[in-house]
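J.: sequence first, then the predicted structure:
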Amino acid sequence: MKITIIGVGNMGSAIMKGLSHTQNFTLSAMNPVNPRVTSLAEELGFKLVNTNSEVGNLTPDIVILTTPAPTTTAVAKELAVLNDHTIFISAAAGITHEDLAKVLPNKEIVNIIPNTPVEVNAGTIGLALPTGISAEAISKVMTVLDSLGDVIEVPERQLDIIGVIGGCGPAFVDVMMDAMSDAAVKHGLDRQTAYEVIASMVKGTGTLAYDSKLAPALLRDQVTSPAGTTIKGVEALEKNGFRYAMMDAVDKANGEA
């Protein structure tokens with residue numbers, strides 16, 4: 001399958017790296033001349049063009065739009081000349097299926113909100129499928145997205161909050177991990193070991209929650225013994241407003257004043 005990424009910024013680069021790891025696709029990209037992107041193309045071995053007019057020569061089966069939201073519809077309009085069998089996957093936040101359908105008539109279009117862990121094929125990807133999309137298009141889209149991480153299908157109206165939780169969430173977790181590493185160093189653990197332990201703990205906790213489908217509160221109860229060390233730590237988190245801070249962070253990231 002031939003995949004072309006349009007716009008190789010942070011998210012475009014992350015998706016390109018994740019797809020490259022699979023070695024299952026023929027990859028290419030369009031990006032205005034940029035030394036960083038040129039170096040990435042040389043490193044990963046994908047074909048790079050610098051204008052939308054050249055994309056047709058790549059004959060992609062799937063085009064992934066990772067352009068900035070304000071320019072996405074204009075860029076998509078320039079790509080409307082591509083073969084009608086070309087499937088478009090848009091990762092532009094705030095750009096609806098209706099917006100894209102106006103400039104990409106007769107094209108199969110899906111909207112996604114991924115996060116940067118797609119770079120290591122461990123992403124969280126919100127997916128909105130439009131009414132009437134063909135089974136063949138869905139199959140091709142899922143082949144691509146499943147290779148990048150966990151795909152969670154939601155109505156289009158929920159993609160924004162998926163973007164906040166899945167997209168901004170890693171930064172919130174990173175802040176927590178950084179704070180935990182400071183505490184570990186304070187108690188005598190060297191920094192690098194602290195990072196490894198914390199990253200492993202977060203990975204394992206997330207995997208257990210995802211695979212077991214148990215509520216986080218139930219998983220918490222499994223490690224909070226009566227009068228034990230963990231419940232004392234949980235009490236400290238409650239005392240310092242940890243839960244409210246996290247909820248407030250989501251509210252702010254979601255645009256609430």
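T.: Good, I have the coordinates.

J.: helix, strand or coil for residue 5?
T.: Residue 5 falls in the strand class when you classify it by DSSP: H, G, I helix; E, B strand; the rest coil.

J.: quick one: it and residue 248, what's the gap?
T.: According to CB to CB, to the nearest Å, residue 5 and residue 248 sit 35 Å apart. Quick note: C-beta positions are derived from backbone N, CA and C, even for glycine.

J.: also residue 41?
T.: From residue 41 across to residue 248, the span is 41 Å (CB to CB).

J.: of the two, who's got more company?
T.: The residue with more neighbours, out of residue 41 and residue 248, is residue 41; 19 against 12, by other CB atoms under 10 Å.

J.: moving C-terminal from the host helix or strand of that one, which element do we reach first?
T.: Assigned by DSSP states H and E, residue 41 falls within helix 35-44. Toward the C-terminus, helix 35-44 is succeeded by strand 47-49 as the next helix or strand (DSSP H and E).

J.: ok now that next one, how far from the chain's centre?
T.: Mean-position distance between strand 47-49 and its chain equals 23 Å (CA atoms, centre = their mean, to the nearest Å).

J.: counting by contacts, list what it packs against.
T.: strand 26-30, helix 35-44 (3 or more CB pairs under 8 Å, 6 or more residues apart in numbering; DSSP states H and E).

J.: got the buried residues for the lowest-mean-pLDDT helix or strand in the chain?
T.: Ranking every helix and strand in the chain by mean pLDDT, DSSP states H and E puts helix 159-162 at the bottom, with a mean of 92. Neighbour counts using 16 or more other CB atoms under 10 Å place 159, 162 of helix 159-162 among the buried residues.

J.: which residues of the stretch 101-250 of the chain fall in helices?
T.: Taking DSSP state H, counting those that start in this stretch, the helices of the stretch 101-250 of the chain run over residues 135-146, 159-162, 169-186, 191-212, 216-222, 229-239, 242-253.

J.: and those helices: which comes nearest residue 28?
T.: Checking the helices of the stretch 101-250 of the chain against residue 28 by CB to CB gives helix 135-146 as the closest, at 13.9 Å.

J.: what's the local residue count around residue 69?
T.: By other CB under 10 Å, 14 other residues sit near residue 69.

J.: tell me the spacing between it and residue 139.
T.: The value you get for residue 69 to residue 139, if CB to CB is used, is 28 Å.

J.: same question for residue 160.
T.: Distance from residue 160 to residue 139, counting by CB to CB: 27 Å.

J.: quickly note the distance from the residue of the chain most remote from its centre to residue 235.
T.: No residue in the chain sits farther from the centre than residue 227, which is 39.6 Å out by CA atoms, centre = their mean. For residue 227, the distance to residue 235 equals 11 Å [CB to CB].

J.: ok so, going back, pick the most buried one from the helices and strands packed on strand 47-49.
T.: strand 26-30 (a mean of 23; mean count of other CB atoms under 10 Å).

J.: can you tell me the strand partners of that one and which way each runs?
T.: Strand 26-30 has its sheet partners listed here by DSSP bridges as strand 2-6 (parallel), strand 47-49 (parallel).
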